[in-house]
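1. Predicted model follows, preceded by the sequence.
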Amino acid sequence: MDSQKQRERFASRLGFILVSAGCAIGIGNVWKFPWMAGANGGGIFVLFYLLFLVIMGVPVLTMELAVGRASRQSAVKAYEALEPKGSKWHIHGWFCIIGCCLLMMYYTTVAGWMLDYFYKFATGAFDGMENSAVDGVFSAMLANPVELTTFMAIITVGGFLVCSFGLQKGLERVSKWMMLALLVLIVVLAVNSVMLEGGKEGLAFYLLPDIQRASAVGLGNVITAAMNQAFFTLSLGIAAMEIFGSYMTKDHTLPGEAVRICALDTFVALMAGLIIFPACFAFGVQPDAGPSLIFVTLPRVFVNMVGGRVWGALFFLFMTFASFTTVLAVFENIMASCIDCFGWTRKKATLVCGLFILVASIPCVLGYNLWYFSVPLPNAPAGGQILDIEDFLVSNLLLPIGSLIYLLFCVSRWGWGYDKYMEECNTGSGLKMPRVFKPYFQFVLPILIAVILVQGLL
């Protein structure tokens, strides 16, 4: 009980919501969501995305937060505190730590890309560049291991430095200001895009449901793509959210907090689309360009835009903030797990974990140049390298399997149990989780998650 009494807490409710939303808001929102919407017919995809966020994302998020808040521990110790004696649920806690490390082994590299492009726009590297030359900037960056390693290292060292100051003075303070800056930036960028001549066509493509466009892709494909995106956007299944439950007070119910986190997460994803689609249509660029949308298509748009250097710099500053808040949140999880499981000080956890992630991230960097090889993975963001293998393991295996385990732990009699989960979930003031959802949680939701898992493997 001593460790529980000494457990750090968020300084404010706003801090908890912004840090948790910052963990959820990342590259999946501001990079993947727009091109997924573009490739899947726009408005219909967005509607199904919102539906699945409510019926899948919110329930599983409350479960991770409940396990964290009830135990006041990180993943492994949380399971040990709540599981029935003699059971082995805590083994999943170790897979959560592995999942967080694996995620950061490539996420730090992609966050480095965002920072690199911000630097390039801010220093005028794109000024007066021809469209054909813009395309070559991304390829040249990937081919340069020194450049990639430098920006990856800045992200990694910066992230662990912030976390070394503790929950309130480090993670909460920095994430709060970065999230507020991110929200201001995204509104400014969205207003600028919407005001562009020809931007209204992009708005219509993005927000108006069009059955014909959805049918061209295949309505079944649109629905499954929306279900996947809604599920993965919250990074559930590897205890990335559970750790923040362990720092919460019991003043507010978990469904209310989960809805606020999801609402902020969705707001940023939708606003990212408002930035990208009007700009694409205004400059005659295809909005379904796929993963290259951010690093090839949009820089072309900014180069041809009045004040493009400023707008490009602001956009990639926003992208850097979005990815860096996720990095901070997951670094905190990795460090807290080592502090709880091994009894380390925060200083030791910062040094050991920081050095480990720094070294472990190098294969992803070299996978684009010195160690390049191609792997036949679906939806590979850049053709199939080490990054794609790491992303496949996290996104297609550890996230859905982990979410299924959290779900079964909370609703089955062999785990923590539905009654205990409901009691923790509904403690405090605010929106309550109706008990009537028990059959849905026990029988329907596991099938939906299993569908995502099988689809990801196939």
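-> Thanks, I have the structure now.
2. Ser235 - that's part of a helix, no?
-> No. Counting by DSSP: H, G, I helix; E, B strand; the rest coil, Ser235 is not found in a helix; it is coil.
3. Touching, it and Ile27? I think so.
-> No. Counting by CB atoms under 8 Å, Ser235 does not reach Ile27; the two are 10.6 Å apart. (Each C-beta comes from the backbone N, C-alpha and C, glycine too.)
4. Between these two, which has more neighbouring residues?
-> Per other CB atoms under 10 Å, whichever of Ser235 and Ile27 has more neighbours is Ser235, with 26 against 19.
5. OK, contacts around that one?
-> Cys23, Ala24, Gly26, Gly28, Leu103, Met241, Thr326, Val330, Leu399 (CB atoms under 8 Å, 6 or more residues apart in numbering).
6. What number of residues are in the vicinity of the last one?
-> Look at Leu399: counted by other CB under 10 Å, it has 25 neighbours.
7. and what of the second one?
-> Using other CB under 10 Å, the number of residues around Ala24 comes to 26.
8. distance of it from Gly42?
-> Distance, Ala24 to Gly42, by CB to CB, to the nearest Å: 23 Å.
9. Mutual contacts of Ser235 and Ile27, please.
-> Residues touching both Ser235 and Ile27 (CB under 8 Å, 6+ apart): Thr326.
10. quick one: Pro283 and Gly42, what's the gap?
-> Slight slip there: residue 283 is Phe, not Pro. Going from Phe283 to Gly42 by CB to CB gives 18 Å.
11. The two: which is more packed in?
-> Just comparing Phe283 and Gly42: by other CB under 10 Å the higher neighbour count belongs to Gly42, 26 against 20.
12. from what I can see the more buried one touches Ala216, true?
-> No. Gly42 is beyond contact range of Ala216, at 11.4 Å (criterion: CB under 8 Å).
13. Please spell out the segments of this protein that come in under the pLDDT threshold.
-> 1-6, 287-291, 373-384 (pLDDT under 70).
14. residues of the top helix by length along it that come out buried?
-> Within the chain, and with DSSP state H defining each element, the longest helix by residue count is helix 308-342. Across helix 308-342, burial judged by 16 or more other CB atoms under 10 Å covers 308-309, 311-341.
15. next one: stretch 267-286
-> Residues of stretch 267-286 classed as buried: 267-283, 285 (neighbour count, 16+ other CB under 10 Å).
16. go on, stretch 51-68?
-> In stretch 51-68, counting by 16+ other CB under 10 Å, buried: 52-53, 56-68.
17. and which of the residues you listed is nearest Ile91?
-> Val67 (14.6 Å; CB to CB).
18. wait, what's in contact with that closest one?
-> If you count contacts by CB under 8 Å, 6+ apart, then Val67 has Ala78, Tyr79, Leu82, Glu242, Gly245, Tyr406, Phe409, Cys410, Trp416 around it.
19. Looking at those, which one is closest to Val137?
-> Glu242 (39.1 Å).
20. looking at it, the closest one is touching Gly68, isn't it?
-> Yes. In this structure, Glu242 is within contact of Gly68 by CB under 8 Å, at 4.2 Å.
21. If you drop the residues flanking it in sequence, what lies closest to Arg435?
-> Met422 (6.1 Å; CB to CB, 6 or more residues apart in numbering).
22. Can you tell me the element the one you found falls in?
-> Using DSSP states H and E, Met422 falls within helix 418-425.
23. do Met227 as well
-> Going by DSSP H and E, Met227 is part of helix 219-232.
24. Can you pull out the residues in contact with the next helix or strand after that helix?
-> Beyond helix 219-232 on the C-terminal side, the first helix or strand identified by DSSP H and E is helix 242-245. Residues outside helix 242-245 that contact it (CB under 8 Å, 6+ apart): 10, 16, 19-20, 23, 64-69, 74-75, 78, 96, 254, 329, 332-333, 336-337, 406.
25. taking those residues one by one, which sit in helices?
-> Among those, the members falling in helices are 16, 19-20, 23, 64-69, 75, 78, 96, 254, 329, 332-333, 336-337, 406 (criterion: DSSP H).
26. Surely Leu47 and Pro209 touch.
-> Yes. With contact defined as CB under 8 Å, Leu47 reaches Pro209; the gap is 6.0 Å.
27. Pull the contacting residues for Phe52.
-> Contacts of Phe52 by CB under 8 Å, 6+ apart are Ala226, Met227, Ala230, Phe231.
28. I'd like these written out as TSV, with neighbour count added.
-> Output for these, formatted as TSV (neighbours: other CB atoms under 10 Å):
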residue	neighbour count
Ala226	23
Met227	22
Ala230	26
Phe231	23
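29. mind listing what Met319 touches?
-> Ile27, Val30, Trp31, Met114, Tyr117, Phe118, Ile294.
30. Which of those ranks first by neighbour count?
-> Tyr117 (28 neighbours).
31. re earlier: the contacts of Met319 in helices, which ones?
-> Ile27, Met114, Tyr117, Phe118.
32. ok, of those, which one's closest to Tyr107?
-> Ile27 (7.3 Å).
33. wait, isn't Ala336 in contact with Ser74?
-> Yes. Ala336 is within contact range of Ser74, at 4.6 Å (criterion: CB under 8 Å).
34. quick one: common contacting residues for these two?
-> Ile243, Ser246.
35. Buried ones in stretch 33-48, by neighbour count?
-> Neighbour-count burial for stretch 33-48 [16+ other CB under 10 Å]: 33-46, 48.
36. Grab the CA positions of it and hand them over as CSV.
-> In CSV, the C-alpha atoms belonging to stretch 33-48 read as follows (Å, rounded to 0.1, in the frame of the first residue of the first chain):
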residue,chain,number,x,y,z
PHE,A,33,-7.1,9.3,-41.0
PRO,A,34,-7.1,11.9,-43.8
TRP,A,35,-5.7,9.5,-46.4
MET,A,36,-7.9,6.7,-45.2
ALA,A,37,-10.9,9.0,-45.6
GLY,A,38,-9.7,10.1,-49.0
ALA,A,39,-9.2,6.5,-50.2
ASN,A,40,-12.6,5.3,-48.8
GLY,A,41,-14.9,7.9,-50.3
GLY,A,42,-14.9,10.7,-47.7
GLY,A,43,-18.1,11.4,-45.8
ILE,A,44,-19.5,7.8,-45.5
PHE,A,45,-16.1,6.7,-44.0
VAL,A,46,-16.2,9.5,-41.5
LEU,A,47,-19.8,8.5,-40.4
PHE,A,48,-18.8,4.9,-39.8
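37. Appreciated, that's everything.
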